[in-house]
Every structure is written in C-alpha cells, then in structure tokens.
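Visitor: take a look and give me a structure for this.
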Amino acid sequence: MKNILVLCTGNSCRSQIAHGYLASMTTGKANVYSAGVETHGVNPRAIAIMKEDGIDISGHTSNNITEYFGVDFDFVITVCDNAKERCPYFPTKAQKFHYNFPDPAKATGTEEEIMNEFRVVKEMIKKYCTEFVKDNNINE
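Guide: Modelled structure (predicted):
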C-alpha cells in the first residue's frame, strides 16, 4: 500500500480536491493524506464542487504538515508554489512532485463566476491526478 501526501498552503481547496480524487482513484491501493503549511479549514465551495463528481470530501479536515512527520510517504505532491517553498524538511524516501494550480479561493465575481473558477481548477486537478495514478502505477 502506497502512502501519498498532497500538500498546499492552507489545506482548504486544491489539496482537498486532489485528496478526494486520489482517494477515489486508488481505493485499496493507497493511503491518501492532505495537509498544509497552515490550516484554513476545508472550503465549502471545494466540498460542493466535488459533490458534482460524486466525491464527498465533507468529512475531510484541514491538517498541518507537522501532524504527518511520522508517516513514511512514497509520494509527496505539492499543488502550489507557496507550499513547495515553505514545506519543512522531514526525513522520507518519498518521490516529490509539484504542480502549481491556480487558487480558486482567490476567484472574484458573482457566485456563478467563482464556482466556474472552482470547476476549471477541479478539472485541472482531476486530469493531473488521473495521469499521476497512471504514470506511477499506483493501481497495479
């Protein structure tokens, strides 16, 4: 069983979305965790947008990276530049991956415009997760 950590700044949107997709794509093959260098709570719009794909992340919590120092990760994925730069070093054999997704929490405009930005980012993360699982033979 592989251990995967998805890391972002506040563990509220992008890392939670990736956590949801990776967990649903690797059931029984990986333990998926998400964390932030800070904790901001799970964004209600991230919860809503994932429900559109039938993935429930409403039970997720916003966790700090320090909570996982004892976990031996196989993969660490940073999903924003800030987390990549601020991630504290901890001993691990993990392969590290990085992709700087736009932060949908910073979207402005009407509620519909903001939710559309969440959908755009969600689709980017979904595509990344699909390729990550395939490229790293997680389900084999």
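
Visitor: so Leu7: helix, strand or coil?
Guide: strand (DSSP: H, G, I helix; E, B strand; the rest coil).

Visitor: which parts of the helix or strand hosting Ile114 are buried?
Guide: Following DSSP states H and E, one finds Ile114 within helix 111-135. Neighbour-count burial for helix 111-135 flags 114-115, 117-118, 121-122, 124-126, 128-129, 132-133 (criterion: 16 or more other Cβ atoms under 10 Å). (C-beta placed from N, C-alpha, C; glycine too.)

Visitor: which residues are in contact with it?
Guide: 13-14, 17-18, 21-22, 25-26, 45-46, 48-50, 52-53, 77, 79, 97, 99, 101-104, 107-108, 138-139 (Cβ atoms under 8 Å, 6 or more residues apart in numbering).

Visitor: which of the buried residues of helix 111-135 sit farthest apart?
Guide: Largest separation among the buried residues of helix 111-135 by Cβ to Cβ: Ile114 and Val133, giving 28.6 Å.

Visitor: related to what we said a few turns ago, tell me the mean pLDDT over the helix holding Ile114?
Guide: Model confidence over helix 111-135, given as mean pLDDT, is 97.
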